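Q: the sequence and its predicted three-dimensional model are supplied below.
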Amino acid sequence: MTAAPARRGHAVRLALGLAIGFRVLLTAVGMLSVATAGPLHVRGQWAELVLTGRSWFDRALAVWQRWDALWYQRIVQQGYRADDGSTAFFPLYPLGVRTVAWLLGGRVVIAELLLSSAAFAVAMVLLHRLVRIELERARLGPPTKGGRKAAASVVALEPGAVADTCVWAIALFPVAFFFHAPNRGPCRLVSNLRRRHPWPNPLHIRFVRSGPRCWLRARRST
């Protein structure tokens, strides 16, 4: 195996391990919190969408059904409306969830979690490669605006180790659990990293950042 595929394989394994590990860990912490504190009042709107099954699997899914997760779940199941506030939520994540849910036979909550975990893993792979590229460029010593080479301390760094450290730093950041929740955060992280990445970007960023209001205007005009 050559060096480049080996590096890519390591980045993918690290990203998948973090995505799966934190999903299991955070779910267990949520279930333990609910079991310890007793039934909790679900904050946010659309609380009737929360799963109420008695199985451990339903309880594991229900701990993620809070706040924006319920909004996205309702959008996926019933679509956007002009009079209920749903137009404040961007369309790419619900569109992705609806596609995954269709493949899973309509299991929206599972689709939300799978898409968030997959987007987080992709973002970690992109971050890992971006850090390596930036450090390898510094190691080659291109002159800066001041005409000086990169600092010796930067050149001496091992790109793979620094990339691993950066990925772990993001994964362990105190509020990084939001990247595993059912919301557009992981997809937005992928979008931001792709804009910084030297690879050609086939994704039109304006579509990611645009809201569904244009969809509603187009639908009302037809």
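A: Yep, that arrived. This one's a predicted model, so the numbers in the text were calculated from it and none came from an experiment.
Q: tell me which helix or strand Val34 sits in.
A: Element membership for Val34, per DSSP states H and E: helix 3-37.
Q: actually Val131, sorry about that
A: Assigned by DSSP H and E, Val131 belongs to helix 108-140.
Q: hmm, back to that, mean confidence for the helix holding Val34?
A: In this model, helix 3-37 carries a mean pLDDT of 90.
Q: what of stretch 101-119?
A: Here the average pLDDT along stretch 101-119 is 95.
Q: buried set for it?
A: Buried residues in stretch 101-119, counting neighbours by 16 or more other CB atoms under 10 Å, are found at 101, 108-119. The way it works is simple: take the backbone N, C-alpha and C, and place the C-beta from them, glycine included.
Q: just name the shakiest helix or strand of the protein by mean pLDDT.
A: Within the chain, no helix or strand scores below helix 205-209, which has a mean of 41 by mean pLDDT, DSSP states H and E.
Q: how about the residue nearest the centre of the chain, what does it touch?
A: Centroid-nearest residue in the chain, with CA atoms, centre = their mean: Pro186, separated by 1.7 Å. Residues counted as contacts of Pro186 (CB atoms under 8 Å, 6 or more residues apart in numbering) are Leu115, Ser116, Ser117, Ala119, Phe120, Ala123, Phe179, His180.
Q: correct me, but the fifth one touches Phe179?
A: Read that as Phe120. Yes. The pair Phe120 and Phe179 qualifies as a contact (CB atoms under 8 Å) at a distance of 4.8 Å.
Q: overlap in contacts of these two?
A: In contact with both Phe120 and Phe179: Pro186, Leu189, using CB under 8 Å, 6+ apart.
Q: so how far is Gln65 from Tyr72?
A: 10 Å (CB to CB, to the nearest Å).
Q: quick revisit: give me the helices and strands touching the helix holding Val131, please.
A: Where contact means 3 or more CB pairs under 8 Å, 6 or more residues apart in numbering; DSSP states H and E, helix 108-140 is packed against helix 3-37, helix 56-62, helix 68-78, helix 92-103, helix 152-155, helix 159-171, helix 185-196.
Q: what about 6 Å?
A: Under the contact criterion of 3 or more CB pairs under 6 Å, 6 or more residues apart in numbering; DSSP states H and E, helix 108-140 touches helix 3-37, helix 92-103, helix 159-171, helix 185-196.
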